[in-house]
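Novice: next one to model:
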Amino acid sequence: MSEKLTSRIQGGISTVTTWDSNPTLLAKIRTSLPFPLLTSTTTPPNKYTRPDDATYHQQHPDLLLLKRLTLHFQKTMTWVNNPPCTQCHSPDTQFTSTRGPLTPEERTGGASRVEVYACPHCGFGETTFPRYNDPEMLYETKRGRCGEYANLFGCYCRAVGFMTRYVSDFTDHVWVEVFVAGGGGFFGGGGGVG
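Specialist: Model prediction:
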């Protein structure tokens with residue numbers, strides 16, 4: 001087996017193991033969720049509502065919970081292509097390099113790498129975007145791309161009791177799939193927007 005494949009598999013196992021190893025974080029996530037809204041059996045009509053939705057959701061409440069959990073989660077996260085400048089807050093920073101974690105926060109947050117950006121407006125050249133792997137740090141920052149989304153959403157799903165798996169492909173993309181009993185198997189969930 002190639003080193004790259006072995007590394008990807010080990011990284012995925014480590015991610016999933018981390019979800020279950022922090023009961024305090026799982027409890028914090030559960031406390032932050034609007035369970036009455038997530039578990040309500042009524043579906044407010046909207047432009048996507050179908051006539052059979054109410055019956056379907058009554059028959060598959062876990063699928064409705066997953067759908068609502070996904071929407072709630074997506075509202076709490078911020079997708080980051082490039083971070084705004086630390087000095088002037090311009091959104092137009094440009095990627096310059098990648099480095100390893102240097103600061104205590106980057107190391108504690110399990111940053112696998114830190115992207116460095118420069119600002120073309122004010123000239124500041126050290127806006128950083130740590131690619132955190134620790135779900136607790138991701139819960140605090142709520143920022144990232146598909147890796148951060150998948151990691152934290154997997155933790156959210158475990159917090160509400162879903163069997164969740166972490167999926168990785170070789171295009172540097174990851175996501176989670178959630179098993180919905182009676183709903184037909186595993187469903188993609190959480191979804192980054194990029």
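Novice: give me the most central residue, the protein.
Specialist: Nearest to the centroid of the C-alpha atoms of the chain, with distances taken as C-alpha atoms, centre = their mean, sits residue 149, at 1.7 Å.
Novice: wasn't that one part of a helix?
Specialist: Yes. The assignment for residue 149 by DSSP: H, G, I helix; E, B strand; the rest coil puts it in a helix.
Novice: was I right about it contacting residue 77?
Specialist: Yes. Using C-beta atoms under 8 Å, residue 149 is in contact with residue 77, at 6.0 Å. From N, CA and C alone the C-beta is placed, and that goes for glycine too.
Novice: where is the longest helix in this structure?
Specialist: helix 3-20 (DSSP state H).
Novice: for the spatially closest residue to residue 183 that is not a sequence neighbour, helix, strand, or coil?
Specialist: Nearest residue to residue 183 in three dimensions, chain neighbours excluded: residue 63, at 4.3 Å (C-beta to C-beta, 6 or more residues apart in numbering). Judged by three-state DSSP, the three-state class of residue 63 is helix.
Novice: how close does residue 63 get to residue 185?
Specialist: The gap separating residue 63 from residue 185 is 11 Å, by C-beta to C-beta, to the nearest Å.
Novice: compare those two (neighbour count), which wins?
Specialist: A direct count of neighbours by other C-beta atoms under 10 Å for residue 63 and residue 185 places residue 63 higher, at 18 against 10.
Novice: where does the protein have low pLDDT?
Specialist: 1, 41-57, 190-194 (pLDDT under 70).
Novice: can you give me the strands for it?
Specialist: Secondary structure of the chain (DSSP state E): strands at 78-79, 94-99, 114-118, 127-130, 143-144, 163-168, 174-180, 185-189.
Novice: closest to residue 105 out of those?
Specialist: strand 127-130 (7.5 Å; C-beta to C-beta).
Novice: can you list the strands that that closest one pairs with?
Specialist: Sheet pairing of strand 127-130 (DSSP bridges) gives strand 114-118 (antiparallel).
Novice: what angle do the partner strand and strand 94-99 make?
Specialist: When axes from the mean of the first three to the mean of the last three C-alpha atoms, to 10 degrees is applied, the directions of strand 114-118 and strand 94-99 differ by 150 degrees.
Novice: next one: strand 114-118 to chain centre, how far?
Specialist: Centre-to-centre, strand 114-118 and its host chain are 21 Å apart (C-alpha atoms, centre = their mean, to the nearest Å).
Novice: just checking, the residue nearest to residue 183 touches residue 178?
Specialist: No. Using C-beta under 8 Å, residue 63 is not in contact with residue 178; the gap is 9.4 Å.
Novice: which neighbours do those two share?
Specialist: residue 187 (C-beta atoms under 8 Å, 6 or more residues apart in numbering).
Novice: how far does stretch 70-86 stretch from start to finish?
Specialist: 30 Å (C-alpha to C-alpha, to the nearest Å).
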